[in-house]
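1. Model the following, please.
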Amino acid sequence: MKGIEPSYAFTLENRTHLLWTQTTSNFLGLAWMFELLFEPMASVFKKPTKDHSGYTPYWFAAFRDARGQRRQRSTKLTDKKSALRLADQWEQLASAGRSGLLVEAACRQVVSDLHKQVTGRPVAFYTTETWLAEWLADCEGTAKPRTLERYKATCASFLSALGEERAKQPLAMLSAEDVRKYRDELRAGGRSPSTCNQEVKILRSPLERAQRLGHIAVNPAADVKRLTDEESTPRAAFTTDQIESLLTTAADTDWRGAIMLGALCGLRLKDAANLVWSAVDFSTGLLTVTTGKRGVKVQVPMHPALIEWLKGRPRGIGKAPVLPALHGKPGSGKSGLSMAFKRIMAKAGVVGETAREGHGKGRTTSTLSFHSTRHYFVSALSAGGVASDTRQRLAGHTDAKSHAVYSKHELESLRAAIATLPAVGGAA
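-> Predicted coordinates:
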């Protein structure tokens, strides 16, 4: 027919080539369809030893990897069923990768399943948030209440600084830069170098535990350096006149007893506020206290002035508080014990030098605080010629290094003012 020309001329020479091309094409097409419909599953086998005297003890897995290529890998397992399950898991994971469905959660689940099949227990995958929560739960029965309160505050502050999305990422993704950034943000917000260093020190504990248990390879807080504290100023001790002024201002309130316990027994603020009657023994004249900071049991002979004041108070038994108006109150915060004592100081006209100016969230600190009653106690004992080891035992210090801080005083002025521990206080 006119206008229609054949596109391929059939001749005796090319007829054989055409038939071979079509046959080959059909065969390859069928092979591709067979591969698609009957994708080979993972299998296991053993390889012969090098000397061909037998087979290796471990089963090898044959499977298709994420690129579709057949791979062979040792399962390191001697049980055939376990090896086959492992091979199937590898195959499924690779298949998910080929189809674009491989996500991090699926990888973690597969690894956990594999670990459970081999060891009988799943792998625990933690985020920074869940690990800190578990660590705090573990501290519930081991840390003292005040210490646990500080731990919780630090963890909450750190997670807030990380942000919700970052906090929910795997713990292994936490870096030293995250911890360093948190420290620097605290410093920029006005916190003192010592506070920033303490925050990093607290974070090291849960991260060190995570490293020991194998949840992370390295502790990201371990290499975060301490900030130098050039602004640090040693706390001063009250003078006897200042102690008397504070006692006069406190009148016959529970604060009078707290000040006497600090100045005459060296108790810290929270230890004094939470003192119970079972700790007071009038028959021996001893006060027995387990310190809240270090958990050290301390026995201090009570000064006659303190005994006089205590005997004038309504007597309780057992765990009844000696100072009920102060018992159980927080130490920090606007309504805490420290701020209440500052108001007593202001009313008494007792003012210390500024140790550090507050900026941002940082607070202005003074050289004088309730802790200065403790400095007064140790310094007065030292000025009275009491031996260092005795002062250390009475103050409840656990090492000579920390004790040395309280013994720094101007020898001339203190020895002239305090020859022995003065009889401050007594009946109001």
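
2. Tell me where the stretch 151-300 of the chain has helices.
-> Secondary structure of the stretch 151-300 of the chain (DSSP state H, counting those that start in this stretch): helices at 164-167, 176-188, 193-212, 240-250, 254-265, 269-273.

3. got the buried residues for the shortest one?
-> In other words, helix 164-167. residue 167 (16 or more other C-beta atoms under 10 Å). Yep, even glycine has a C-beta here, placed from its N, CA and C like the rest.

4. thinking again about what came up before, turn the helices of the stretch 151-300 of the chain into CSV, columns for mean pLDDT.
-> Formatted as CSV, these follow (pLDDT from 0 to 100):
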stretch, mean pLDDT
helix 164-167, 92
helix 176-188, 92
helix 193-212, 93
helix 240-250, 93
helix 254-265, 93
helix 269-273, 92
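
5. Show me the one of those helices that comes nearest residue 143.
-> Of all these, it is helix 193-212 that lies closest to residue 143, at 9.9 Å by C-beta to C-beta.

6. can you give me the angle the closest one makes with helix 176-188?
-> Counting by axes from the mean of the first three to the mean of the last three C-alpha atoms, to 10 degrees, helix 193-212 lies at 160 degrees to helix 176-188.

7. Convert helix 193-212 to PDB, retaining C-alpha atoms only.
-> Only the C-alpha atoms of helix 193-212 are listed here, as PDB (Å, rounded to 0.1, in the frame of the first residue of the first chain):
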ATOM      1  CA  PRO A 193      31.000  30.900  88.600                       C
ATOM      2  CA  SER A 194      30.700  28.600  91.700                       C
ATOM      3  CA  THR A 195      27.000  28.100  91.000                       C
ATOM      4  CA  CYS A 196      27.700  27.300  87.300                       C
ATOM      5  CA  ASN A 197      30.400  24.800  88.300                       C
ATOM      6  CA  GLN A 198      28.100  23.100  90.800                       C
ATOM      7  CA  GLU A 199      25.500  22.700  88.100                       C
ATOM      8  CA  VAL A 200      27.900  21.000  85.800                       C
ATOM      9  CA  LYS A 201      29.200  18.800  88.700                       C
ATOM     10  CA  ILE A 202      25.600  17.600  89.300                       C
ATOM     11  CA  LEU A 203      25.100  16.800  85.700                       C
ATOM     12  CA  ARG A 204      28.300  14.700  85.600                       C
ATOM     13  CA  SER A 205      26.800  12.100  88.000                       C
ATOM     14  CA  PRO A 206      23.800  10.800  85.800                       C
ATOM     15  CA  LEU A 207      25.900  11.000  82.700                       C
ATOM     16  CA  GLU A 208      28.800   9.100  84.300                       C
ATOM     17  CA  ARG A 209      26.300   6.400  85.400                       C
ATOM     18  CA  ALA A 210      24.900   6.200  81.800                       C
ATOM     19  CA  GLN A 211      28.500   5.700  80.500                       C
ATOM     20  CA  ARG A 212      29.200   2.900  83.100                       C
END
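
8. What residues sit buried inside that helix?
-> Of all the residues in helix 193-212, those buried under the rule 16+ other C-beta under 10 Å are 193, 195-200, 202-203, 205-207, 209-210.
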